[in-house]
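Q: sequence and predicted model, in that order:
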Amino acid sequence: MTAGVAAVVYLLHGFDAGLSRDLGVYAYAGQRFADGVPPYDGVLNRSGPLSHLLPGVAIWAGRRFGVDDLLAARVFFLLLAVASVYAVHALGREVLGSRWAGAVAGFTLITYGGYIALASGGPREKTPMVLLLALALVTTLQRRWWWAGLWISLGTLTWQPVFFPAIAAALVGLLLVEERGRRLRGLVALAVSGLLPLAAFLAWYAARGELQYFLDCFVLIHVEYTQQFGALQNLSFTWEVLAGGYHHTVWILLGSLAAAAVAPLVVAAWPRLRRSREGRAVLVTGAATVGSLAWSYRAFNGWPDAFVVMPTAALGTAFLLWPLWRLLPRPAVGVATAVVAGLAYAVATHYALTTRSEELLGQRARAEAVAAIVGPDATFLSLQAPQGLVLSGKVNPIREQMFDNGLVDYVAATWPGGLTGFNDWIVEQRPTVLVVQPRLVGTWLDPVLTEDYRRCGRADHVVWLLLRDADPTWCEQVSAVLATAPE
């Protein structure tokens, strides 16, 4: 039932939400994979290779049936989001041994506004990450170590930081195994199954002669170049982005997360609970909560980063209601669960309908109009603004187009001649159209933007520029098209 309700809520939110820069990165990466280009070759990115491969598979399949690339990716990611609700339902049932607890956990996840937004408005790598983390926790509690290792590995290959909460839960689960021999066999199974997917990617890139580039994107950039702030370093920023992404549902997220964080402390302090099956399960999921919060303390860039706490945070509501359920007769538990489900559906539906948007329609029309003005022979270059590429069907001539949070330092260190060499390369290539994120204006890129290109306008969080030698009427036409965008 929870999965069906989730599908209804996500469909109510619609597939026409605007395409932001981050969503554009994964949509464009998916397009390149569907074209036969491996992850990281299409676009320089820090997330795991599955964050490119998953939307790519959806786009490849959609093209076989004549479905628009972005729509195909969004439908597939909606299915992943629905599956994650079912997985969290299974997690709640596994922890507390009750299908009612599972239902409450699943419905709690449905109420998280930001998750609704990306369920049908993606693609974003953190949606499948939630599913894979929930599956890793379920199989850990079931002590199916081969499967747990596989899900942890696939989750890490989607978004690397998920490794920390997942492995923390797995290690606590192993420590709770009474028999030493079974504990050792479980550890071996966890390690072997976890290494298999990684080994497959290493072999693939080694066969292509690009092993170092894979290691750079998957590991080195994080270790040597990435610059991020933690959730507590700027509390006003953290609150602003959370409230902006989750709206009124931020209180449900924070409240359920607090309950999920406190529950393991209660269990640890109460010997009788600590020895029970439910108490041991709470300690396992509590380890995942601690791992998630520890990563958020280390790095928090925006409201989607809160997705890493969601599988265990959703258990918080079930933890709060669990003492009540044990006192109520069985029919009353069913009624109470139905009330919780009804409230969750009302909250989620309100968010889905009030944040529903058709911004994508205007974005697509403007991108296609610009492409038509400059003609099919015009070349495009995106610099941290992949939306135009996705919607106009253009391909970037290079994989380096992302420069924030330390990536600019990586490009400066690896591009021949550094950033000056990169600017010189743009001048030599003379792309007809430059599509640039506004924050790059007034930076190291300015020598190219001011001397060789004419700014034609800004719309949809993107600045459009045309080569100064191009037909001057083009810029006027592009400006007129961009002027149709809402303020």
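A: Done, it's in.
Q: count the neighbours of L242 for me.
A: Using other CB atoms under 10 Å, L242 has 21 other residues around it. For every residue, glycine as well, the C-beta is placed using N, CA and C.
Q: list the buried ones in the helix or strand containing it?
A: Using DSSP states H and E, L242 falls within helix 235-246. Within helix 235-246, the residues scored as buried using 16 or more other CB atoms under 10 Å are T238, V241, L242, G245, Y246.
Q: okay, stretch 331-340 in CSV with CA atoms only?
A: The C-alpha coordinates for stretch 331-340 follow below in CSV (Å, rounded to 0.1, in the frame of the first residue of the first chain):
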residue,chain,number,x,y,z
PRO,A,331,-7.7,-3.5,16.0
ALA,A,332,-6.8,-0.2,17.6
VAL,A,333,-3.2,-0.5,16.2
GLY,A,334,-4.7,-0.9,12.8
VAL,A,335,-6.8,2.2,13.2
ALA,A,336,-3.9,4.2,14.6
THR,A,337,-1.7,3.2,11.7
ALA,A,338,-4.5,4.2,9.2
VAL,A,339,-4.7,7.6,10.9
VAL,A,340,-0.9,8.1,10.5
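Q: who touches it?
A: W100, A103, V104, F107, T317, L321, L324, W325, L328 (CB atoms under 8 Å, 6 or more residues apart in numbering).
Q: please name the residues that touch the residue lying closest to Q384 once chain neighbours are set aside.
A: Leaving aside its sequence neighbours, Q384 sits nearest to Q437 (CB to CB, 6 or more residues apart in numbering; 3.9 Å). Neighbour list for Q437: R21, L383, Q384, A385, H461, V462, V463 [criterion: CB under 8 Å, 6+ apart].
Q: tell me how many other residues surround the fifth one.
A: By the criterion of other CB under 10 Å, H461 has 17 neighbours.
Q: what about it, distance to A243?
A: 20 Å (CB to CB, to the nearest Å).
Q: the first one now?
A: Plainly put, R21 is 21 Å away from A243 if you go by CB to CB.
Q: circling back to that earlier point, okay, and which of the contacts of Q437 map to strands?
A: Among the contacts of Q437, the residues falling in strands (DSSP state E) are L383, V462, V463.
Q: let me know the pLDDT of the spatially most central residue of the chain.
A: Geometric centre of the chain, nearest residue: K126, 2.3 Å, by CA atoms, centre = their mean. Looking at K126, its pLDDT reads 95.
Q: pretty sure it contacts A119?
A: No. With contact defined as CB atoms under 8 Å, K126 does not count as touching A119 (11.0 Å).
Q: how about the strands in the chain?
A: 380-383, 433-436, 453-459, 462-467.
Q: make TSV out of those and add mean pLDDT and distance to A203.
A: Output for these, formatted as TSV (pLDDT from 0 to 100; distance: least, CB to CB, whole Å):
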stretch	mean pLDDT	distance to A203
strand 380-383	92	31
strand 433-436	92	36
strand 453-459	90	43
strand 462-467	92	38
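Q: tell me which of these lies nearest to G421.
A: The closest of these to G421 is strand 380-383. By CB to CB, the value is 15.0 Å.
Q: sorry, back to before: show me what the helix holding L242 is packed up against.
A: When contacts are defined as 3 or more CB pairs under 8 Å, 6 or more residues apart in numbering; DSSP states H and E, helix 235-246 packs onto helix 113-121, helix 250-269.
Q: quick one: buried residues of the last one?
A: Pointing back at helix 250-269 there. V250, I252, L253, L254, S256, L257, A259, A260, A261, A263, P264, V267.
Q: repeat for stretch 331-347
A: V333, A336, T337, V340, A341, A344, Y345, V347.
Q: out of these, list just those in helices.
A: V333, A336, T337, V340, A341, A344, Y345, V347 (DSSP state H).
Q: export only the CA atoms of stretch 427-439, formatted as PDB.
A: In PDB, the C-alpha atoms belonging to stretch 427-439 read as follows (Å, rounded to 0.1, in the frame of the first residue of the first chain):
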ATOM      1  CA  VAL A 427      39.600  30.800 -28.000                       C
ATOM      2  CA  GLU A 428      41.200  28.300 -30.400                       C
ATOM      3  CA  GLN A 429      38.000  26.200 -30.700                       C
ATOM      4  CA  ARG A 430      35.700  29.200 -31.200                       C
ATOM      5  CA  PRO A 431      32.400  27.500 -30.200                       C
ATOM      6  CA  THR A 432      29.500  29.500 -31.600                       C
ATOM      7  CA  VAL A 433      27.500  29.500 -28.300                       C
ATOM      8  CA  LEU A 434      28.800  29.600 -24.800                       C
ATOM      9  CA  VAL A 435      26.300  28.500 -22.100                       C
ATOM     10  CA  VAL A 436      27.600  29.600 -18.700                       C
ATOM     11  CA  GLN A 437      26.400  29.500 -15.100                       C
ATOM     12  CA  PRO A 438      26.100  33.100 -13.800                       C
ATOM     13  CA  ARG A 439      28.500  32.500 -10.900                       C
END
